[in-house]
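>>> I'll drop the sequence and a predicted model, then ask my questions.
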Amino acid sequence: MSVFKDADQLYELLGGLFTELFKNKEIAEKCAATGLIIVFKYEDPDSEIWLDASKKDPGNIGIICGPAEGLTADVTMSMKADIAHQFWLGNLNLMVALTRKQIVAKGPIPKIMKLLPVVKPAYAMYQNMLKEQGLDDMITKK
């Protein structure tokens, strides 16, 4: 069973995390500079989150929870939702997950890898979001 009870909860938590992340000027600028459209495709529950930085404007990075009509992804990151959860908790190394095929990536992956150091504050942000919503049990769920 997934740590997320359904796609709506995943969208609320991970979509909310991206919203908070892009309030950070440095993170928004680095993400916008890539100009990438990234889709995160999740299983269990089936869902997807799109990040649209194609305008290269840090104040205008689109976050779409669910299918995105009219967009074509430059990068697709596919994984079980539980893998994403463990990544954002800081418990999963991206390179190890890619090697083990826990995450399957398509597109210009070196551009994504450059963002890893920038998103480190997300690990604490995600844990804080879970705590603020009374979901402390999700922090220890694997």
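Ah, there it is.

>>> the helices in this protein, which residues?
Ranges of helices within the chain are 7-10, 16-21, 25-34, 81-89, 94-99, 109-113, 121-132, 136-140, based on DSSP state H.

>>> May I see the buried residues of the third one?
Buried residues in helix 25-34, counting neighbours by 16 or more other CB atoms under 10 Å, are found at 27, 28, 29, 30, 31, 32, 34. C-beta: built from backbone N, CA, C; applies to glycine.

>>> of all those residues, which comes closest to residue 75?
residue 34 (8.9 Å; CB to CB).

>>> ok, for that closest one, nearest residue in space, not its chain neighbours?
residue 111 (5.1 Å; CB to CB, 6 or more residues apart in numbering).

>>> burial measure for the one you found, as a count.
15 (other CB atoms under 10 Å).

>>> quick revisit: adding mean pLDDT and distance to residue 43, write the helices of the chain out as CSV.
Formatted as CSV, those follow (pLDDT from 0 to 100; distance: least, CB to CB, whole Å):
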stretch, mean pLDDT, distance to residue 43
helix 7-10, 97, 11
helix 16-21, 96, 19
helix 25-34, 93, 24
helix 81-89, 96, 7
helix 94-99, 92, 14
helix 109-113, 83, 20
helix 121-132, 94, 20
helix 136-140, 90, 18
